[in-house]
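**Q** what shape does this take:
(one chain, ligands or ions: 1)
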Amino acid sequence: MGDTHEPNLFPVPGPDGHRQRPAGTPCPWESVDRRQAARDGATGPEPPARPVCPHCGLPGERRLTYTGQHVLLEPLLTVPTHLVPGGHRWHVDPGGQAWNGGLDEPPPGTTCRVPHQLTCPGLTLDEIKPWRWLDTVREENARRAWRQADGADRPDALPDAG
Ligand SMILES: [Zn+2]
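**A** Numbering: from 1, shown residues only. A predicted model of the protein is given here:
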């Protein structure tokens, strides 16, 4: 067995086989990819399960994403990108792979796809949270309202700073 100092990029049989991660072993980056996929709405169902929504039973258009997960897109629905909440704007490459446009400002006149979960009759908006940044503002305002009701937000309640 020669020592070539070259990286093993694929499983090799024989004594060097122990250097390869056994099939099915979790990879450290997997949880990061899965969190990102969940944030992006790429939550399957994964093959070989049928591309059917687990909440309402309707079929979706399943596409592989660049995180390796699958997203269930609403079939045959293309909408102006500016009408879709950031983080839910999906695009499909000519090769058929889907990617999420994130929170970037969409170019004028563009269209995108939406994940089925945004249109799912089996989920509420509270479960989907399509406007996450607005939820954050609302939560902060709720805290401010509680502080104000407690009198802690009044100017005379502030400590004497000098
Ligand atoms: Zn559904």
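**Q** near the ion, which residues of the protein are found?
**A** Within the chain, the positions adjacent to the ion are 53, 55, 56, 120, 122 by C-beta under 5 Å from the ion. From N, CA and C alone the C-beta is placed, and that goes for glycine too.
**Q** number of residues surrounding the nearest residue to residue 132 once chain neighbours are set aside?
**A** Take residue 132 and drop its neighbours on the chain: the residue closest to it by C-beta to C-beta, 6 or more residues apart in numbering is residue 87, 6.7 Å away. Counted by other C-beta atoms under 10 Å, the residues lying close to residue 87 total 19.
**Q** circling back to that earlier point, and the residues of the chain next to the ion, which are buried?
**A** Buried members of the residues of the chain next to the ion, counted by 16 or more other C-beta atoms under 10 Å: 53, 120.
**Q** mind picking the two most distant members of the residues of the chain next to the ion?
**A** With C-beta to C-beta as the measure, no two of the residues of the chain next to the ion lie farther apart than 53 and 122, at 6.8 Å.
**Q** how about the helices in the chain?
**A** Taking DSSP state H, the helices of the chain run over residues 30-40, 116-119, 125-128, 132-149.
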